[in-house]
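Chemist: quick one: sequence and predicted model below, then my questions.
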Amino acid sequence: MNYLHWDQKTITDFSEAAIADLYEHGYVFTRIGKGIVQQTRSVRINLKNFELSSENRRILKKVDSLSLRLIHLPQSEYNWKIGKLAKDFYTLKFGPDIMSAQKIKEMLTLPEKSNFNALLTYSENGTDIGYTIAHLSSSLLHYSYPFYNTEQAAKDTGLGMMILAIQYAKDAGLNYVYLGSLQRPSDTYKLQFEGLEWFDGTTWNSDTEEVKKILRTITDPVTPE
């Protein structure tokens, strides 16, 4: 299985300005290793143009007991159950050997090996049921590697988690939320948000019909970001 990317490099400048510039040029952090970024068909929400749509509000109403809190990484006290939850989730959604519990532990506890510095934690009635591993700065949030308890969570929990994160970022005064890439036909769900832009290899594009046509032509399976 392949991950769509046009370029890959390893960075050594981890300043917020340098990272923001990389994301502006279609690069995103990966789980491959520290400093490794790939240029891809990145998709983002320009938060100055984002407002909740009626459909967004409908989803939030269906998961109205879900709350979000931010945990800064690395975690000093790691719970192995988080890694198991992630492994089980990705196995169910995408098949075996996509995500290991060890990789989750690495991303949450070893900053010398990981590009991610935040864990979005979602709770329902006082119980943590979902997480998203993310990169957060004063200007952007890269929402990546979401997973949740599929047996306990409501049907629209995954989309509800994403909407809550976007609203959190807007309320915090950030400029962009990056939602990974557009590489599978099923990724069209990311196109429903106001303020959406996608990187076409050269510039940021807001024509969703154009990228829908591109996604309809894709038949090769690719790994989840």
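Modeler: Sure, I can see it. Numbering: from 1, shown residues only.
Chemist: for the one helix or strand Gln102 maps to, enumerate the helices and strands it packs against.
Modeler: Using DSSP states H and E, Gln102 falls within helix 101-109. Here helix 101-109 touches helix 80-94, strand 127-136, going by 3 or more Cβ pairs under 8 Å, 6 or more residues apart in numbering; DSSP states H and E. For every residue, glycine as well, the C-beta is placed using N, CA and C.
Chemist: these: which one's closest to Val63?
Modeler: strand 127-136 (10.0 Å; Cβ to Cβ).
Chemist: which residues sit against that closest one?
Modeler: Outside strand 127-136, the residues that touch it by Cβ atoms under 8 Å, 6 or more residues apart in numbering are 19, 29, 66, 70, 82, 85-86, 104, 107-108, 115-123, 141-149, 152-153, 157, 161, 165.
Chemist: in that strand, what counts as buried?
Modeler: Residues 128-136 are the ones in strand 127-136 that count as buried (16 or more other Cβ atoms under 10 Å).
Chemist: pick out whichever of the residues you listed sits closest to Gly201.
Modeler: For those, the minimum distance to Gly201 (Cβ to Cβ) is 22.1 Å, reached by His135.
Chemist: tell me what the closest one is bridged to.
Modeler: Assessed by DSSP bridges, His135 has beta-bridge partners His142.
Chemist: per-residue pLDDT, it?
Modeler: In this model, His135 is scored at 98, pLDDT.
Chemist: same question for Lys155.
Modeler: pLDDT for Lys155: 88.
Chemist: and the pLDDT at the residue nearest to it when sequence neighbours are not counted?
Modeler: Counting by Cβ to Cβ, 6 or more residues apart in numbering, Lys62 is the residue found nearest to Lys155 once chain neighbours are left out, at 7.5 Å. According to the prediction, Lys62 has pLDDT 95.
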